[in-house]
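In: Attaching a predicted model along with its sequence, questions to come.
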Amino acid sequence: MSNPIDMAQAFDQLNLEQGLQAQKARAAATRRPTAVGHCLSPDCDAPAFDNPQRLFCGPACERDYSRHKPH
Ligand SMILES: [Zn+2]
């Protein structure tokens, strides 16, 4: 019969692997949109950003963008 501590460790290992897989799946599903130099929100007419890597003016625009994003 297996030692209960070994079983607990095996179980922890399994949880860890499943957690990593879930993390990878989430990362693949939520890829960052491409920065275009200005706010990606369709409702926003803010001028172009100084930082070309910037995606949104702020969290409100990011929310607008994800609401409009086709699925
Ligand atoms: Zn904006």
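Out: That came through fine.
In: ok, which residues in the protein are in contact with the ion?
Out: Taking CB under 5 Å from the ion as the contact definition, the chain meets the ion at Cys39, Ser41, Cys44, Ala46, Cys57, Cys61. Where C-beta positions appear, they are placed from N, C-alpha and C, glycine not excepted.
In: Throw the residues you listed into TSV and include pLDDT and secondary structure, thanks.
Out: What follows is these, written out as TSV (pLDDT from 0 to 100; DSSP: H, G, I helix; E, B strand; the rest coil):
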residue	pLDDT	secondary structure
Cys39	96	coil
Ser41	94	coil
Cys44	95	coil
Ala46	93	coil
Cys57	95	coil
Cys61	95	helix
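In: Quick check: phi and psi on the residue positioned nearest the centre of the chain?
Out: With distances taken as CA atoms, centre = their mean, Thr30 lies nearest the centre of the chain, 4.3 Å away. Here is the backbone geometry of Thr30 (degrees, to the nearest 10): phi -110, psi 60.
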